[in-house]
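Colleague: Show me the folded form of this:
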Amino acid sequence: MAGKRSANDSDRYVQPNKERGGWDVVKEGHKQASAHTETKAEAIDRARQIVKNQGGGELRIKNEQGRLIDSNTIKAH
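Modeller: Presented below is the predicted three-dimensional model:
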């Protein structure tokens with residue numbers, strides 16, 4: 001199948017949690033976090049696990065201001 005893949009259920013964002021502090025792993029288009037961690041590094045590791053377990057997808061990382069700064073494709077295990 002050719003063409004650009006659209007967002008799917010396994011894609012996740014790592015973003016700061018402005019209310020509670022720390023970092024959230026959030027499914028695209030959702031408000032509730034899949035995971036919450038104290039540090040950005042922990043959130044990235046957890047997001048990688050989630051995306052891999054879901055069959056692969058995109059991991060998108062935001063900075064403290066909420067701007068997208070990085071994106072990685074995670075393959076299924």
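Colleague: got the residue ranges for the helices in the chain?
Modeller: Secondary structure of the chain (DSSP state H): helices at 40-53.
Colleague: In contact with I61, which residues?
Modeller: The neighbourhood of I61, defined by CB atoms under 8 Å, 6 or more residues apart in numbering, consists of Y13, V14, K40, I44, L68, I69, D70, S71, N72. (Glycine included, C-beta is placed from N, CA and C.)
Colleague: how deep is the last one tucked in, by neighbour count?
Modeller: Translated: N72. Applying the criterion other CB atoms under 10 Å, we find 13 residues in the vicinity of N72.
Colleague: Can you tell me which of the contacts of I61 is closest to V25?
Modeller: Minimum distance to V25 across these is 5.9 Å, recorded for V14 (CB to CB).
Colleague: distance of that closest one from R20?
Modeller: Summarising the geometry, the distance separating V14 from R20, computed by CB to CB, to the nearest Å, is 15 Å.
Colleague: ok, these two, which is more surrounded?
Modeller: When V14 and R20 are compared on other CB under 10 Å, the one with more neighbours turns out to be V14, at 26 against 10.
Colleague: In contact with that one, which residues?
Modeller: V14 makes contact with W23, D24, V25, V26, K40, A43, I44, A47, L59, R60, I61, K62, according to CB under 8 Å, 6+ apart.
Colleague: Now with 10 Å, please.
Modeller: With contacts defined as CB atoms under 10 Å, 6 or more residues apart in numbering, V14 is in contact with 23-26, 35, 37, 40-48, 59-63, 69-70.
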